[in-house]
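> Sharing a model prediction with you, sequence too.
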Amino acid sequence: MNLEEDRAELIPVVTAGLRTWEDEEEFSRAMEELESLCEACDLLVAGTITQALPHPDNATWLGSGKALELMYLVRGTEAEHVVCLGNLSPAQMKNLQKVIEVPVWDRTNLILEIFSRRAKTREARLQVESAYLQYMLPRLSGMWKHLGRQSGGGGSRANKGIGEKQIELDRRQISHRINELRKELKQIERTRDVQRGGRRRDGFPHVALVGYTNAGKSSLMNRLLHMSDPASGNQENKKVFEKDMLFATLDTSVRKIDIPGRKPFLLSDTVGFIENIPHDLIKAFRSTLAEVKYADVILIVMDSSDPHHAMHKKVTEDTLRDLDVSGIPRIYVYNKADLRDEDLTVENHPGGDSYYISAHTGYGIDDLLDAMSGLFKSGSCMVEVCIPYTDGNMLSRIHKEGEVIEERFEEGGTYIRAVCPAPLADHLMRK
């Protein structure tokens, strides 16, 4: 299929931007990101309209004259939707739709639509549905047109609610569904806690990948899986989906990374962050993102070729703060260094907290792994244990992951004194 055929299958939309307090550069960046979000949702931007106002119009978000201009642009481009930069109130959305005569999406609606298309696991689908219903609840009057009262009579308790508006019934049904989703997600969260507890008992350090959407987190995970020992399993089957688009990955994946000559660790890939991420999405995905709170090391991944990567770093750290993630060692990973500098003249300095890498070419990966190993060791402690002769796997693991100080054979097993990473030390002390 060629590019023209691909474009023909996309749904045409018009984007609308309202600049209030932002400077021109910040507003332009936000509009560019809105277009990228549209592309991620299989929408083709057929036209764009912008306006500068001190504050949004209370009735139609855009000024009344600009709203009419938008209507003519929609008709001229045959756009099927209008996508607005910003978040509209239910009344603004309803009034603007009346003027332009096509559905209006705001930025939150667009992100929720992307999430609904990308969600693969049952947990992700339930989380997205919960967020979408909470978003939709106050907007029912704009989405439902069957607002006439139901027919019915009688005042008995059995007929209670028959005279209510349809919208009130819809609201009750949605509220009921939200409560059902919360219960289902609580059960999944309990299962996740059990799985997480099992992983921690295994004693492997846990590293979490976080960062702005499309920074290359999944690509980095796949690069490390590619470097892993084939003896530890079919690494190709363990690779995660990666694509150069916003929110390509929604589902949290945890993989064991076992690179020859290095200590193995667990690596989790999480959903990407974005500026002004919808609050309902943060709430819905909080249990999934909680994986980060239990990490031993956090890798904050950024696209170093993006001129706005400093802002992306701030958004990531602000989101971690909102999730109450603190006190965990962090390494700042500037990915896509090959796109930033084709000659890769940038150098990494051992002992720092920032590293330039390319998940695509492998540049800087060893420097990053050295830095991670240093953090693993900084949390190490001395253990003295007697390993039964029947548990040769554990003895081999201590030799591989720790630094053996003393070892001797006794009647009950192998006595060993070693400096081990904290997760392994905790595991040994519980045995």
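That came through, no problem. Numbering: from 1, shown residues only.
> ok, now which ones touch the closest residue to Leu62 other than its chain neighbours?
In space, and not counting its chain neighbours, Leu62 is closest to Gln51: 5.5 Å by CB to CB, 6 or more residues apart in numbering. Any C-beta I mention is one placed from the backbone N, CA and C, and that applies to glycine too. Each residue near Gln51 by CB atoms under 8 Å, 6 or more residues apart in numbering is listed here: 16-19, 62-63, 66.
> do that again at 6 Å, thanks
Gln51 makes contact with 18, 62, 66 under the criterion CB atoms under 6 Å, 6 or more residues apart in numbering.
> What ranges does the stretch 251-400 of the chain have for its helices?
Listed in chain order, the helices of the stretch 251-400 of the chain (DSSP state H, counting those that start in this stretch) span 279-284, 286-289, 309-322, 337-340, 365-378, 392-401.
> from the contacts of Gln51, which single one is nearest Asn335?
Nearest to Asn335, judged by CB to CB, of those is Leu18 at 32.9 Å.
> Now do the contacts for the closest one.
Neighbour list for Leu18: 51, 56, 86 [criterion: CB under 6 Å, 6+ apart].
> Can you tell me how far the second one is from Arg223?
Counting by CB to CB, to the nearest Å, the gap between Pro56 and Arg223 amounts to 44 Å.
> hang on, the earlier thing: next structured bit after the helix or strand where the residue nearest to Leu62 lies?
Assigned by DSSP states H and E, Gln51 belongs to strand 43-52. As assigned by DSSP H and E, the chain's next helix or strand after strand 43-52 is helix 64-77.
> For that next one, the averaged confidence score.
Mean pLDDT, helix 64-77: 96.
> that older thread, and the strand holding Gln51, what's buried?
43-49, 51 (16 or more other CB atoms under 10 Å).
> Relative to Gly327, which of these is nearest.
Comparing the buried residues of strand 43-52 against Gly327 with CB to CB picks out Leu43 as the nearest, at 41.2 Å.
> excluding its backbone neighbours, what's nearest the residue nearest in space to the middle of the chain?
Geometric centre of the chain, nearest residue: Val271, 1.7 Å, by CA atoms, centre = their mean. Spatial nearest neighbour of Val271, excluding adjacent residues (CB to CB, 6+ apart): Leu250 at 5.2 Å.
> if I pick that neighbour, what's in contact with it?
Residues near Leu250 by CB under 6 Å, 6+ apart: 118-119, 124, 271.
> Please identify which pair of those residues lies farthest apart.
Among the contacts of Leu250, Ala119 and Val271 lie farthest apart (CB to CB), at 9.9 Å.
> coming back round to it: what is the residue nearest to Leu62 paired to in the beta sheet?
As for beta bridges, Gln51 partners with Leu18 under DSSP bridges.
> Ile416 looks like it's in a strand, true?
Yes - under DSSP: H, G, I helix; E, B strand; the rest coil, Ile416 sits within a strand.
> Once you drop chain neighbours, what's closest to it?
Per CB to CB, 6+ apart, closest to Ile416 is Glu407, 4.9 Å.
> residues in contact with the helix or strand encompassing the one you found?
For Glu407, the host element (DSSP H and E) is strand 403-410. When contacts are defined by CB under 6 Å, 6+ apart, strand 403-410 is touched by residues 415-419.
> What is the lowest-pLDDT residue among these?
Minimum confidence in those sits at Val419, scoring 80.
> For Lys336, see how far away that residue is.
Val419 is 36 Å from Lys336, by CB to CB.
> Show me which of these two is the more surrounded one.
Set Val419 next to Lys336 and count neighbours by other CB atoms under 10 Å: Lys336 wins out with 24 against 14.
> returning to that earlier point: for the strand holding Glu407, which strands pair with it and how are they oriented?
Assessed with DSSP bridges, strand 403-410 is paired to strand 413-420 (antiparallel).
> Just the C-alpha atoms of the strand it pairs with, please, in PDB.
The C-alpha coordinates for strand 413-420 follow below in PDB (Å, rounded to 0.1, in the frame of the first residue of the first chain):
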ATOM      1  CA  GLY A 413      26.100 -27.500  53.100                       C
ATOM      2  CA  THR A 414      28.300 -24.800  51.700                       C
ATOM      3  CA  TYR A 415      29.100 -22.000  54.100                       C
ATOM      4  CA  ILE A 416      29.500 -18.700  52.200                       C
ATOM      5  CA  ARG A 417      30.200 -15.100  53.200                       C
ATOM      6  CA  ALA A 418      29.600 -12.700  50.300                       C
ATOM      7  CA  VAL A 419      28.600  -9.100  49.400                       C
ATOM      8  CA  CYS A 420      25.400  -9.400  47.500                       C
END
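> quick check: angle from it to helix 392-401?
Angle, strand 413-420 to helix 392-401, by axes from the mean of the first three to the mean of the last three CA atoms, to 10 degrees: 30 degrees.
> which regions of this protein sit below the pLDDT cut-off?
Low-confidence segments of the chain (pLDDT under 70): 1-8, 141-167, 196-203, 231-237, 241, 287-288, 379, 431.
> Strands of that one, residue ranges please.
Applying DSSP state E to the chain gives strands spanning 11-19, 43-52, 81-84, 104-106, 206-211, 253-257, 265-269, 297-303, 330-335, 354-356, 381-387, 403-410, 413-420.
> Mind putting those strands into CSV with distance to Arg75?
Formatted as CSV, the strands of the chain follow (distance: least, CB to CB, whole Å):
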stretch, distance to Arg75
strand 11-19, 10
strand 43-52, 11
strand 81-84, 12
strand 104-106, 15
strand 206-211, 41
strand 253-257, 45
strand 265-269, 44
strand 297-303, 38
strand 330-335, 43
strand 354-356, 49
strand 381-387, 70
strand 403-410, 73
strand 413-420, 69
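> Looking at the ones you listed, which is nearest to Asp229?
Evaluated over the strands of the chain, closeness to Asp229 peaks at strand 253-257, with 9.6 Å, by CB to CB.
> just checking, what packs against the closest one?
Under the contact criterion of 3 or more CB pairs under 6 Å, 6 or more residues apart in numbering; DSSP states H and E, strand 253-257 touches strand 265-269.
> Please name the nearest non-neighbouring residue to Met221.
Leaving out its chain neighbours, the residue that sits closest to Met221 by CB to CB, 6+ apart is Asp269, at 4.8 Å.
> these two touch, right, the one you found and Arg255?
No - in this structure Asp269 lies outside contact range of Arg255 using CB atoms under 6 Å: 7.8 Å.
> about what we covered before: so which of the buried residues of strand 43-52 comes closest to His427?
Minimum distance to His427 across the buried residues of strand 43-52 is 49.2 Å, recorded for Leu43 (CB to CB).
> Report the separation between the closest one and Arg117.
Going from Leu43 to Arg117 by CB to CB gives 11 Å.
> Then Gly17?
Separation of Gly17 from Arg117 (CB to CB) stands at 24 Å.
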